[in-house]
Structures are given as C-alpha cells and as structure tokens.
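# Just to be clear, the model below is a prediction. Sequence and coordinates:
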Amino acid sequence: MHKIITLSLFVFVFISCGSDDNEDCMKIITIPQTYFVNNRSFSYDIEQLVPCDTPEPTVAEVLDTPPLLENFSFEVLRFEFTPDTGNNTMRLQFEIRLTNNNNFDVNGIPYMTIRTDDFEVSRVYENAITPCLQLEANSSCTYTYDQEDSLVFGTINTIEFVDLQYFLTN
C-alpha cells in the first residue's frame, strides 16, 4: 500500500510540474488604429492573437497609409463636368458602381482622384447623394454625386476621373 501511495504522489508531482499553462496562454486583443484623410480622422481596429502577458493597447496607432479594401472593383457609369452651367456655376456629376467582391460586409469611404486643368487632387466627396459608406458582402453600391459650385473663385475648364480606392473604417 505504501508503494501505491508513493507512486501516486510521484505521478501527481510529475504531472503538476510538467509545464506552465501560462506559456501556451493566448488571447485576442483589439488594436485601435487611426488615419487622416483631408484633415479628417477615421478609425480602424484590428484584432491580433498575442500571449496572455501582452498588455492591452491604450493609445491608437496612427497609420501613414489608410487600410485599403482588397478584392474591390469599380465601374465608372457616368462622369460629367460642366465648366459653366450658364448660372455662374460649374457642375460635377458622377455615378460609379463600387463592388465588394469579398464574403464579408465592410465599412469605409470612397477616395477619388481627379485631374483638373493644373493639378491632380484626391478627396472624399462628403456631399455625395449616395456615399456608399457600407458595402455588403458580394454586392455593389452606386456612388452618386451631383454638385454645383460658384465660379466666383475662378474657373476650371476640365475635370477628369483618374482613380478610386476604398479605405476601410470601423
């Protein structure tokens, strides 16, 4: 009987001291990130699997480059610029089909690059009729804009579409 108790005690101590459970302990943390477009900030959080002793982030990481939606496409359905409407205004109108080819929904902002007479500029058209701030999985949204601006500050003869990207937000 003494041998059984000694053997049992030995097995118990051996199993208990075999490994430290904290060595294999992992957890998922949320890492807050932020980026700036046209002097406006946007948030985008990522999740990461880390060891349990990793501290939770307390300050948002500032990204130099906004996160882009991959597996994304667009089709310019209409892009029309009228330099003088006859009412002392110029008018920009466009319809662009944005397509999320992923199996998950996303939130974000369309970021368009255009070329005018003298320079190229990229921006978010916040006054869009349909801003397409969310794209459902495997679906499309038509990004629509129609705005007139005064000619008081100067005239632009041409505006051409160059490119469009979709930046991710929370």
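Perfect, I can see it now.
# Let me see the ranges of the helices in this structure.
Assigned by DSSP state H, the chain shows helices spanning 2-16.
# in stretch 112-127, what counts as buried?
For stretch 112-127, burial by neighbour count (16 or more other C-beta atoms under 10 Å) applies to 112, 114, 124-125. The way it works is simple: take the backbone N, C-alpha and C, and place the C-beta from them, glycine included.
# Model confidence score at the residue lying closest to Asn103 once chain neighbours are set aside, please.
Leaving aside its sequence neighbours, Asn103 sits nearest to Ala137 (C-beta to C-beta, 6 or more residues apart in numbering; 5.3 Å). pLDDT, Ala137: 98.
# quick one: contacts for Ala137?
By C-beta atoms under 8 Å, 6 or more residues apart in numbering, the contact list for Ala137 reads 100, 102-105.
# quick one: which of these has the most company?
Using other C-beta atoms under 10 Å as the neighbour test, these are led by Asn100, with 23 neighbours.
# Could you pick out which of the buried residues of stretch 112-127 are located in strands?
Per DSSP state E, strands hold the following members of the buried residues of stretch 112-127: 112, 114.
# Report the two of the buried residues of stretch 112-127 separated the most.
Farthest pair in the buried residues of stretch 112-127 (C-beta to C-beta) is Ile114 and Val124. Separation: 12.1 Å.
# Go through the contacts of Ala137 and name the one nearest Glu120.
Distances from Glu120 to these, taken by C-beta to C-beta, are shortest for Asn100, at 26.2 Å.
# hey, what's the closest one bridged with?
Phe72, Ser139 (DSSP bridges).
# Go ahead and confirm it touches Leu69.
Yes: the pair Asn100 and Leu69 qualifies as a contact (C-beta atoms under 8 Å) at a distance of 6.8 Å.
# what touches both of these two?
With C-beta under 8 Å, 6+ apart as the test, Asn100 and Leu69 both reach 106, 135.
# follow-up on the earlier one: look up how far Gly154 lies from the residue nearest to Asn103.
Plainly put, Ala137 is 44 Å away from Gly154 if you go by C-beta to C-beta, to the nearest Å.
# likewise Glu160?
Distance from Glu160 to Gly154, counting by C-beta to C-beta: 18 Å.
# what's the answer for Asp118, then?
When Asp118 is compared with Gly154 (using C-beta to C-beta), they lie 10 Å apart.
# can you list the buried residues of stretch 112-127 in TSV and add distance to Val76?
Listed next are the buried residues of stretch 112-127 as TSV, based on distance: C-beta to C-beta, whole Å:
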residue	distance to Val76
Met112	10
Ile114	11
Val124	17
Tyr125	14
